[in-house]
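In: next one to model:
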Amino acid sequence: MSDPIAFTSRTSRFGIPFLFSGQAQKEFYINEAFALVDALLQPVVEGLANSPPVEPLEGSCWLVDGSPADAWSGHAADIACYQAGSWLFAPAAEGMRVFDRASGAYLQFRNGWSSPETIAPPSGGSNVDIEARAAIASLINALGAGGLIIQG
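Out: Take a look at the predicted model:
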């Protein structure tokens with residue numbers, strides 16, 4: 001028979017708390033876990049900032065920029081979520097994607113948060129192919145509507 005798994009107190013990727021037998025006040029741990037799962041399941045952020053907004057909405061999330069201040073100190077690149085009147089932080093994981101409402105695009109974490117490049121429609125040139133330009137413009141519109149690029 002194999003040995004039982006010995007868990008730490010939190011998950012390794014996002015710090016979601018585990019429950020243990022005989023643990024006092026389990027509802028605090030399970031509620032924190034549910035709040036983190038709620039924030040990280042199909043994550044949407046309001047934008048990127050170094051300090052918390054003055055009057056955050058319950059359930060709103062933000063990406064903490066590189067020079068965090070105030071209640072966000074020490075949480076650079078984390079996702080800060082306002083839950084039950086306080087800030088709950090989730091660390092970013094390599095390859096994680098969030099939808100940024102401010103830019104209307106998806107951001108991805110690769111050694112820091114990055115946004116898609118702005119793509120401008122084709123212009124100029126000595127030979128103008130109307131059908132090719134229409135096809136390229138259609139592709140740019142579709143990628144922009146999907147939040148994969150920022151249209152120029």
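
In: packing partners of the helix or strand bottoming out on mean pLDDT in the chain?
Out: Counting by mean pLDDT, DSSP states H and E, the weakest-scoring helix or strand in the chain turns out to be strand 150-151, with a mean of 72. Helices and strands touching strand 150-151, by 3 or more Cβ pairs under 8 Å, 6 or more residues apart in numbering; DSSP states H and E, are strand 118-119, helix 130-145. C-beta coordinates here come from the backbone N, C-alpha and C atoms, glycine included.

In: distance to Ile30, mean neighbour count and mean pLDDT for these - can I get that in JSON lines?
Out: Below are those laid out as JSON lines (distance: least, Cβ to Cβ, whole Å; neighbours: other Cβ atoms under 10 Å; pLDDT from 0 to 100):
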{"stretch": "strand 118-119", "distance to Ile30": "43", "mean neighbour count": "14", "mean pLDDT": "74"}
{"stretch": "helix 130-145", "distance to Ile30": "39", "mean neighbour count": "12", "mean pLDDT": "82"}
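
In: helix or strand for the residue sitting nearest the centre point of the chain, just tell me which one.
Out: In the chain, the residue lying closest to the centroid (Cα atoms, centre = their mean) is Val98, at 3.4 Å. Using DSSP states H and E, Val98 maps to strand 97-100.

In: ok, and the closest non-adjacent residue to Pro52?
Out: Ala71 (5.3 Å; Cβ to Cβ, 6 or more residues apart in numbering).

In: let me know how buried that neighbour is, in neighbour terms.
Out: By the criterion of other Cβ atoms under 10 Å, Ala71 has 13 neighbours.

In: residues contacting it?
Out: Neighbouring residues of Ala71 by Cβ atoms under 8 Å, 6 or more residues apart in numbering: 51-52, 87.

In: ok, so of those residues, who is nearest Phe20?
Out: Closest approach between the contacts of Ala71 and Phe20, by Cβ to Cβ: Trp87, at 25.4 Å.

In: and Asp100, what is it in contact with?
Out: Asp100 neighbours (Cβ under 8 Å, 6+ apart): 45, 47-48, 63, 106-107, 115.

In: just the pLDDT for the nearest residue to Phe99 once chain neighbours are set aside.
Out: The spatial neighbour of Phe99 that comes closest, neighbours along the chain excluded (Cβ to Cβ, 6+ apart), is Val44 at 4.8 Å. According to the prediction, Val44 has pLDDT 93.
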